[in-house]
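Student: okay, structure incoming, though there's no sequence with it:
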């Protein structure tokens, strides 16, 4: 397995190019540790996912699964200067029991947070 | 008739033209079973990581005298559970490869049905045309013959009368020829309609052949998945059923019987023994809860097996097409039972993992504290079986990993505790309080070996009463 294929698997996860479970399974072939961030999550990625949710393509549980797969990874960074906001968003999406359940109104609020950043 | 690209549940069509639905089965039901198997495999894999962390000498997140006594009981489980995960994944892959082919075959069968019904209508019309044209031709022939007989037996009184009689004969002859042409056209229409019907039957036969090929392939793949999994040493009544049937479909359901029943039995015995030991040794309610969860898991898996049995014994409807294609009736209600049973098993497996981890902590705390001094809840001060330390005391590679752990934590995380474990590994625990429910929180736990490599990383979510809501294993 090369760094390229690991990076590709991370991009496929972030961009939701395949089911999250499949992407996670591919990533399990690699060690967890990474000294460097191999790819970056940006506002455009989360807006894409939130749009899929708002259009009914993704259920809230699927958004949670996606965020859970991204949360805490060494090899995924957060796009500057939105790092803290993106980390907070991922935490909220991955932990609805501890924060709040994802609803359309909340998805729109998050989208508004990143309005004009793309 | 509407024909769609993907047809599910085609029993509702009127299959009278073919006698019966040539490709029975429900691709959605097969897909649902595949999803459940895959989900169960993923859940078992996650829980296996916890069991592995509890039961491994080298990677243990739980150490101490209690751990040493507990460990042999779970030592063989990770390997067995890995087999189960592989087997279930392979089975899910097999079913995922099957249901689209079944759907395609059914779509082709429906197209064949549409063509056959159209041909059937055309045949009826053409047969009517042939009958009408034949009657017309017969009538015209009769008229011509009658007129010709009259002309031959009755001399015309005048030349003009003779010419008129000849003209009438010519007209009748033309009428007869026209009627014959209509008969020929109607017969041509009938032949074309019959050809259409033959083509529809050929299409239907192709659909059936495709479905048979797909069902044979999935049966073979399920056999392979069966070989990769845990073998059930017990011969149940279900095996007898399949022995009696003795056909390709038996592979599909033997797989379920071998693996679900086998795993339930083996895991139940081992984990049940572990839970029993812990119950007596530690007098810890979590031990009983773990044991009960094992029972729940076995119950769920037993339901799966019962569901598989019902599939054979019910004989009401066809759920998968695998059996029906080769003459094995199966029961949709039992397929639902399979799904429900798998769900029960997954839930219980998850609970089992949570409670084993929880029980491990409490067991060591109890042994350290002595009898009668049972802790009221998990102690996160230094973690179980280790000593508290600080980042500056960590070896450099572990420090580096700790830095990454800190960076990965969400905003609002409390200061992590660092526990040096006897085998040289280090455990980081960081709590993140809930924003919406007071007392609820998540603990991010990472265990790093002495070389700084992450051994495991998981997140445990707790309810306000301290009970575990769920554990999400991030690695491995």
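Tutor: Happy to help now that I have it. What you see is a predicted model, and the numbers here were worked out from it, not measured in a lab.
Student: now do the contacts for the closest residue to chain A within the stretch 251-400 of chain B.
Tutor: Residue nearest to chain A within the stretch 251-400 of chain B (CB to the nearest CB): residue B:400, separated by 7.6 Å. C-beta coordinates here come from the backbone N, C-alpha and C atoms, glycine included. By CB atoms under 8 Å, 6 or more residues apart in numbering or on different chains, the contact list for residue B:400 reads A:35, B:452.
Student: pLDDT score assigned to it?
Tutor: On pLDDT, residue B:400 comes in at 91.
Student: is it fair to say it lies in a helix?
Tutor: Yes. According to DSSP: H, G, I helix; E, B strand; the rest coil, residue B:400 belongs to a helix.
Student: can you map out the helices along the chain?
Tutor: No chain was given, so I picked chain A. Secondary structure of chain A by DSSP state H: the helices cover A:3-14, A:20-27, A:43-54, A:60-70, A:83-94, A:104-113.
Student: actually, chain B is the one I wanted.
Tutor: Counting by DSSP H, the helices of chain B are B:27-55, B:65-74, B:77-153, B:159-228, B:237-245, B:250-256, B:262-282, B:285-314, B:322-325, B:332-369, B:396-408.
Student: in stretch B:426-441, what counts as buried?
Tutor: Buried positions in stretch B:426-441, judged by neighbour count with 16 or more other CB atoms under 10 Å in any protein chain shown: B:426, B:427, B:428, B:429, B:430, B:431, B:432, B:434, B:440, B:441.
Student: so for residue A:113, what's the pLDDT?
Tutor: At residue A:113, pLDDT is 91.
Student: so what's it closest to, chain neighbours aside?
Tutor: Closest residue in space to residue A:113, ignoring its immediate chain neighbours: residue A:85 at 6.5 Å, by CB to CB, 6 or more residues apart in numbering or on different chains.
Student: now do that neighbour against residue A:31, distance only.
Tutor: Per CB to CB, to the nearest Å, residue A:85 is found 29 Å from residue A:31.
Student: give me the more crowded residue out of these two.
Tutor: Just comparing residue A:85 and residue A:31: by other CB atoms under 10 Å in any protein chain shown the higher neighbour count belongs to residue A:85, 18 against 14.
Student: just to check, that one is in contact with residue A:112?
Tutor: No. With contact defined as CB atoms under 8 Å, residue A:85 does not count as touching residue A:112 (12.0 Å).
Student: just put the buried residues of stretch B:426-441 in a markdown table and tack on pLDDT and distance to residue B:84.
Tutor: Listed next are the buried residues of stretch B:426-441 as a markdown table, based on pLDDT from 0 to 100; distance: CB to CB, whole Å:
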| residue | pLDDT | distance to residue B:84 |
| --- | --- | --- |
| B:426 | 89 | 31 |
| B:427 | 90 | 28 |
| B:428 | 91 | 30 |
| B:429 | 92 | 29 |
| B:430 | 93 | 32 |
| B:431 | 93 | 33 |
| B:432 | 92 | 32 |
| B:434 | 88 | 34 |
| B:440 | 88 | 32 |
| B:441 | 91 | 32 |
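Student: and which of the residues you listed is nearest residue B:222?
Tutor: Within those, proximity to residue B:222 (CB to CB) peaks at residue B:427, which comes in at 41.0 Å.
Student: okay, and the beta partners of the closest one?
Tutor: Residue B:427 forms beta bridges with residue B:419, residue B:447, as assigned by DSSP bridges.
Student: so which residues make contact with the helix or strand bottoming out on mean pLDDT in chain A?
Tutor: Ranked by mean pLDDT, DSSP states H and E, the helix or strand of chain A with the weakest confidence is helix A:3-14, at a mean of 86. Outside helix A:3-14, the residues that touch it by CB under 8 Å, 6+ apart are A:17-18, A:20, A:23-24, A:26-27, A:30, A:38-39, A:41, A:45, A:66, A:69-70, A:73, A:75-76.
Student: intersect these with the contacts of chain B.
Tutor: When contact is defined as CB under 8 Å from any CB of the partner chain, the contacts of helix A:3-14 meet chain B at residue A:73.
Student: count the residues that sit near the residue nearest to residue A:82 when sequence neighbours are not counted.
Tutor: Spatial nearest neighbour of residue A:82, excluding adjacent residues (CB to CB, 6+ apart): residue A:43 at 5.7 Å. Per other CB under 10 Å, the neighbour tally for residue A:43 reads 21.
Student: just the ones of the buried residues of stretch B:426-441 in strands?
Tutor: In this view, these that belong to strands under DSSP state E are B:426, B:427, B:428, B:429, B:430, B:431, B:432, B:441.
Student: avg pLDDT for stretch B:181-200?
Tutor: Stretch B:181-200 carries an average pLDDT of 88.
Student: list the buried residues of that stretch.
Tutor: Buried residues in stretch B:181-200, counted by 16+ other CB under 10 Å: B:182, B:183, B:186, B:187, B:189, B:190, B:193, B:196, B:197, B:200.
Student: tell me who's in contact with residue B:85.
Tutor: Taking CB under 8 Å, 6+ apart, we find residue B:85 in contact with B:41, B:42, B:44, B:45, B:48.
Student: if you set the cut-off to 7 Å instead, what comes out?
Tutor: Contact analysis of residue B:85 by CB atoms under 7 Å, 6 or more residues apart in numbering or on different chains lists B:41, B:44, B:45, B:48.
Student: could you report the neighbour count for the closest residue in space to residue B:13 that isn't next to it in sequence?
Tutor: Take residue B:13 and drop its neighbours on the chain: the residue closest to it by CB to CB, 6+ apart is residue B:113, 5.9 Å away. Look at residue B:113: counted by other CB under 10 Å, it has 25 neighbours.
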